[in-house]
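[1] Any chance you can model this:
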Amino acid sequence: MATVDDSALIWTRPEPGTRRPKFTREQIASTALAIADAEGFAAVSMRRIAHELGAGTMTLYYYVRTKDELIALMDDAIMSEALIPAEEFPTHWYDALAAVAERTWDVLMRHPWALRSLQNAPIGPNAMRHFEQSLAALADTGLAAPAKFALVTAVDDYVHGNVFRVAEFRATATPPEDRGAAEAAARFAETQYATGEFPHLQALFGGRVPHDGFPRLIGDTSERDRFRQGLVMLLDGMAHRMGLGLPER
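    Just a heads-up that it's a prediction; the model follows:
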């Protein structure tokens, strides 16, 4: 009968047991995150991490066996940043779930590359603690398990989707250096508007190219405030649908 090798998951193995280990998994993960934040995930390698730590590459394999294990450590390090200290955890379900969402948004905005590059990382202990906090927010609501799961995942989907969209917008927000390309885009939009097939787009962007029309729609509202506005609408709607009370303001 085949048995499952628990050691396949890095979380099931203790840190190297020498009396004074030179490095820790936390150091390795932190270094990998710093590289990815500065240069992109593609720059992360065991050799590069070893260079930053002043170690031999093979030395690091004593702590982390594979690239997949490194990805697991990086993802769980990010999830540790998303945890709310117990003494700061709000008592009302609405405020608590909003706090989890906002903190998660802040963390992912610091590491937006992670949504793509770490999406297949296995669930680690801090990811479980993060989910536990969301469920703890709903502990006194009286909701059944399926309703709790639906509410938590709806908020989680909104957070991840918003971060992904903001990151994509940032990547394309810089006007092209080639003025000819910008003018070509404007002419294309005008041509499409003239067909009469896009009356709602034309009205929304004031007849401008979408890239040029966004500032008028967004105004001076920050990315975080726009996220918060959408979160409030989501939570208010879910509260109404599920019969949950709102906090007193």
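[2] which ones are touching the closest residue to R129 other than its chain neighbours?
    Closest residue in space to R129, ignoring its immediate chain neighbours: L83 at 5.7 Å, by CB to CB, 6 or more residues apart in numbering. To be clear about C-beta, it is placed using only N, CA and C from the backbone, and glycine gets the same treatment. For L83, the set of contacting residues under the criterion of CB atoms under 8 Å, 6 or more residues apart in numbering consists of R103, N126, R129, H130, Q133.
[3] of those, closest to L217?
    Within those, distances to L217 taken as CB to CB reach their minimum at R103, with 27.2 Å.
[4] so that closest one sits right up against S80, yeah?
    No - the pair formed by R103 and S80 falls short of the contact definition of CB atoms under 8 Å, at 11.5 Å.
[5] circling back: in helices, which of the contacts of L83 appear?
    When those are checked against helices using DSSP state H, the ones located there are R103, N126, R129, H130, Q133.
[6] So which of the residues you listed is the closest to E15?
    Proximity of the ones in helices among the contacts of L83 to E15 was ranked by CB to CB; the top entry is N126 with 15.6 Å.
[7] what's the neighbour count on the closest one?
    Residues near N126, counting by other CB atoms under 10 Å, number 18.
[8] Would you mind measuring from the residue nearest to it when sequence neighbours are not counted to A181?
    For N126, the nearest residue in space outside its immediate sequence neighbours is M79; the separation is 3.8 Å by CB to CB, 6+ apart. The spacing between M79 and A181, counted by CB to CB, to the nearest Å, is 40 Å.
[9] out of these two, which sits in the more crowded spot?
    Just comparing M79 and A181: by other CB under 10 Å the higher neighbour count belongs to M79, 23 against 11.
[10] Which pLDDT does the model give the more buried one?
    The confidence metric pLDDT takes the value 97 at M79.
[11] element containing it, please.
    Assignment of secondary structure by DSSP states H and E places M79 within helix 67-81.
[12] which strands and helices sit next to that helix?
    helix 25-39, helix 46-53, helix 93-110, helix 114-117, helix 125-137 (3 or more CB pairs under 8 Å, 6 or more residues apart in numbering; DSSP states H and E).
[13] The last one - what's its average pLDDT?
    Per-residue confidence for helix 125-137 averages out to 97 on the pLDDT scale.
[14] Report the central residue of this protein.
    In the chain, the C-alpha closest to the average C-alpha coordinate belongs to L108, at a distance of 3.4 Å (CA atoms, centre = their mean).
[15] wait, that one sits on R116?
    No - counting by CB under 8 Å, L108 sits too far from R116 to count as a contact (11.5 Å).
[16] Residue ranges in the chain under the pLDDT threshold?
    Scanning the chain for pLDDT under 70 picks out 1-7, 17-21, 172-179, 210-213.
[17] What are the structural domain limits within it?
    In terms of domains, the chain is parsed into 6-169+223-242, 174-218 (source: automatic domain parsing).
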